[in-house]
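S.K.: below is the sequence, then the predicted model.
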Amino acid sequence: MFRSHTCFCWLCFALGTAIAFLLLFGMPQQASAQPKGPVSFINDVAPILKENCFGCHGAKNPKGKLDMTKFETFMKGGIHDEPLEPGMPDKSLIIQLLKAKDASRMPPKENSEALAPAKLAVLEQWIKEGAKLDNGIAKNADLQRELRTRWKPPTPFAIYPFPVQINALAFTPDNKKLVSSGHHELTVWDVETGKLEKRIYTRCRRAMAMVFLPDGKLAVAGGRPGEEGDVRIYDINAAGKTENGILVLDGVNDPKVMVAKLLEADDEVQCLAVSADGKKLASGGCDRVVNVWDLSPGYDKAKLEQSIENHADWVFGVAFSPDGKHLLTCSRDKTAKVWDLTTKESVLTFPDHQASVNGVAVKSDGKVGFSAGSDNQLRSWNAGGDAGGKAVKALGSHTKPILKLAQHPKLPLLATCSEDMTVKLWNPDSGAALKTLSGHTDQVFAVAISPDGTLVASGTWNGEVKIWKVADGTVAKAISASPGIVAVPAPPK
Ligand code: HEC
């Protein structure tokens, strides 16, 4: 699968290695000794349970009927009552199972290693101290949510140690700047000079989708894989402070920069679309849910109109029909679908890809849907009426999975990007393949079309952004879009 659920980007790898190194060599006395002082359930115990146990002991169909995602259900226990005896770790079922040498061991032997001794010690100490819940947390509080609110995003690197994978790109409404996803930030580049102009720090580790709204604010979807997802609205023209000649905006704490949070989810949000009249915003993500907001009351009062569960797997693409009455969606469940926003019903399913469908678009007449997927194909299909869901034709293909599909809101222009390291341009009205843009040295994860339709930007796994001229397919600018990294890295061997 091209999109893994844990973050394998270089930056997370670098951080993870540094932390592992510290744990192994930097703090030996802490790692082996019992924790000092009272152990906090939420700060010390819950993170261990989340990392090692929630996968099987979650709220939905928990193994052994033991749901650990709430203090209340955890203490109540599963098939066997009371998994622990406050004050007596040795008499507690949970400790016996964690220490067991036979097949009863938790986590199960066939799935993972035994819990690390340092973590086991934290659990034992907490039980010894009475197995208490911290003050200020309700017994039935969702622990995943409690952990999320306590998590603080790191300050982005001044100079990146590795290039960051580019997952999302958007041209500003005046066509002059390009916004790129970074590591816990958005970066803004001048299209003409290719220079970094602005950094907007975000809670979100990686932006997966961005759309400009009619008033020039930027809607951003993303999150941390397997941890959290969000949809937020930013004012990228708000005031900031200058650091080393670059304007830095605090999109984590400054409400003038991060003007609204529309969604907080348990997993990453993958896609966004705005309706033609600019009044509605839709998102989709790894929780399989598609959300639709009415933005007309203002961002802070935006109304969540529908939460649609119509796909069996992660949602990778959303697109409004030109009249705003239907929403096209696509998913890792190998289908593209059409949802009627008025009757709140699923209207049709397009099943032909037989592989993850990673992007959708719709023709200006609203009658033809386009979808692109891991079967390498860009396909068109009937988006309504009696022939709904029937293929019109396969427009063309890449030699490897198509990762994203971008559509110009008015002009007949579609762009696809692929693992095959190319970007292709298409005319959705005639169905013609227009151009193949080659020259990237890695898989292309992001593609965007400028509002005036003259430029296309693409971004890769190895952190390269190219801005192409639509007219002749030449490169107008190539940027290494990781602050501090000047040269685009050599292609992998
Ligand atoms: C890969 C899945 C998996 C993981 C991960 C896992 N468990 Fe379990 N757990 C199970 C299964 C399956 C059972 C039921 C075993 C049975 O009934 O024989 C179970 C049962 C239990 C029970 C007994 C519940 C009862 O009342 O019968 C406890 C306690 C428990 N697990 C603790 C843990 C802890 C603590 C962790 C994390 C450190 C953990 N488990 C991680 C699969 C898992």
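M.R.: Thanks, I have the structure now. These numbers come from a predicted model, not from an experiment.

S.K.: now do the helices in the stretch 201-350 of the chain.
M.R.: Assigned by DSSP state H, counting those that start in this stretch, the stretch 201-350 of the chain shows no helices.

S.K.: er, the stretch 51-200 of the chain actually
M.R.: With DSSP H, counting those that start in this stretch as the criterion, the stretch 51-200 of the chain has helices at 71-76, 93-99, 117-128, 143-150.

S.K.: out of those, the one nearest the ligand is which?
M.R.: Taking Cβ to the nearest ligand atom, helix 93-99 is the member of these nearest to the ligand, at 4.4 Å. For every residue, glycine as well, the C-beta is placed using N, CA and C.

S.K.: ok, and for the closest one, which residues are buried?
M.R.: Neighbour-count burial for helix 93-99, counted by 16 or more other Cβ atoms under 10 Å, picks out L93, I94, I95, Q96, L97, L98.

S.K.: need those residues in CSV with distance to the ligand and pLDDT, can you?
M.R.: Shown next, in CSV, are the buried residues of helix 93-99 (distance: Cβ to the nearest ligand atom, whole Å; pLDDT from 0 to 100):
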residue, distance to the ligand, pLDDT
L93, 5, 96
I94, 4, 97
I95, 9, 97
Q96, 9, 96
L97, 5, 96
L98, 6, 97
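
S.K.: and the pLDDT for the residue in the stretch 301-450 of the chain positioned nearest to the ligand?
M.R.: Ranked by Cβ to the nearest ligand atom, the top residue of the stretch 301-450 of the chain for proximity to the ligand is D313, at 20.7 Å. Here the pLDDT value assigned to D313 is 97.

S.K.: remind me which residues of this structure are low pLDDT?
M.R.: Residues of the chain meeting the criterion pLDDT under 70: 1-36, 488-493.

S.K.: break it into its domains for me.
M.R.: The chain breaks down by automatic domain parsing into domains covering 41-150, 169-480.

S.K.: let me know the closest of the buried residues of helix 93-99 to S307.
M.R.: I94 (35.2 Å; Cβ to Cβ).

S.K.: measure that closest one to R105 for me?
M.R.: Going from I94 to R105 by Cβ to Cβ, to the nearest Å gives 12 Å.

S.K.: kindly report the same for D287.
M.R.: As for D287, its distance to R105 is 31 Å (criterion: Cβ to Cβ).

S.K.: ok, back up a step: single out the most deeply packed of the domains of the chain.
M.R.: Highest mean neighbour count of the domains of the chain: domain 169-480, a mean of 20 (counted as mean count of other Cβ atoms under 10 Å).

S.K.: that one spans what distance, first to last residue?
M.R.: Domain 169-480 stretches 13 Å from its first residue to its last (Cα to Cα, to the nearest Å).

S.K.: now stretch 225-244
M.R.: 31 Å.

S.K.: try stretch 324-342
M.R.: Terminal residues of stretch 324-342 lie 10 Å apart, using Cα to Cα.

S.K.: how far off centre is that stretch?
M.R.: 19 Å (Cα atoms, centre = their mean, to the nearest Å).

S.K.: and the stretch 51-200 of the chain, which residues reach the ligand?
M.R.: Contact residues, the stretch 51-200 of the chain versus the ligand (Cβ under 6 Å from any ligand atom): 52-53, 55-57, 63-64, 66, 77-80, 83, 93-94, 97-98, 106-108, 111, 115.

S.K.: and V347, what is it in contact with?
M.R.: Shown in contact with V347 (Cβ atoms under 8 Å, 6 or more residues apart in numbering): H326, K337, V338, W339, D340, G384, G388.

S.K.: want to throw those into a markdown table with distance to the ligand?
M.R.: Shown next, in a markdown table, are the contacts of V347 (distance: Cβ to the nearest ligand atom, whole Å):
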| residue | distance to the ligand |
| --- | --- |
| H326 | 41 |
| K337 | 32 |
| V338 | 38 |
| W339 | 35 |
| D340 | 40 |
| G384 | 45 |
| G388 | 42 |
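
S.K.: quickly name whichever of those residues is closest to I402.
M.R.: Of the contacts of V347, the one sitting nearest to I402 (Cβ to Cβ) turns out to be K337, at 18.0 Å.

S.K.: looking at it, the closest one is touching P351, isn't it?
M.R.: No - applying Cβ atoms under 8 Å as the test, K337 and P351 come out as separate, 9.7 Å apart.

S.K.: who touches both of the two?
M.R.: If you check K337 and P351 against Cβ under 8 Å, 6+ apart, no residue is contacted by both.

S.K.: residue in the stretch 251-400 of the chain nearest to the ligand?
M.R.: D266 (17.5 Å).

S.K.: look up how far G223 lies from that residue.
M.R.: Per Cβ to Cβ, D266 is found 9 Å from G223.

S.K.: joint contacts of those two?
M.R.: Taking Cβ under 8 Å, 6+ apart as the criterion, D266 and G223 both touch G229.

S.K.: stretch 445-464: how far from the chain's middle?
M.R.: 18 Å.

S.K.: check stretch 419-426 too.
M.R.: Put simply, stretch 419-426 sits 22 Å off its chain's centre (Cα atoms, centre = their mean).

S.K.: could we number from 6 for the rest of this?
M.R.: Got it, first residue is 6 now, which makes that one stretch 424-431.

S.K.: what residues does that stretch touch?
M.R.: Contacts of stretch 424-431 (Cβ under 8 Å, 6+ apart): 7, 381, 383, 400-401, 403-406, 408, 418-423, 437-443, 445-449, 452, 461, 463, 465, 473, 475, 478.

S.K.: in strands, which of those residues fall?
M.R.: Using DSSP state E, the members of the contacts of stretch 424-431 that fall in strands are 383, 400-401, 408, 419-423, 438-442, 449, 452, 461, 463, 465, 473.

S.K.: OK, contacts around the residue of the stretch 256-405 of the chain closest to the ligand?
M.R.: Q149, E233, G234, D292.

S.K.: mind doing that once more with 6 Å?
M.R.: D292 (Cβ atoms under 6 Å, 6 or more residues apart in numbering).

S.K.: do the same with G393
M.R.: G393 makes contact with L353, N387 under the criterion Cβ under 6 Å, 6+ apart.

S.K.: checking my notes, it in a strand, right?
M.R.: No - assignment of G393 by DSSP: H, G, I helix; E, B strand; the rest coil gives coil, placing it outside any strand.

S.K.: next one: it from P43, what distance?
M.R.: 62 Å.

S.K.: same deal with A212?
M.R.: 39 Å.

S.K.: cool, and S385?
M.R.: S385 is 63 Å from P43, where distance means Cβ to Cβ.

S.K.: over to C291?
M.R.: 36 Å.

S.K.: what does S326 give?
M.R.: Using Cβ to Cβ, one obtains 58 Å as the distance from S326 to P43.

S.K.: now the end-to-end length of stretch 333-346.
M.R.: Across stretch 333-346, the terminal residues are separated by 10 Å (Cα to Cα).
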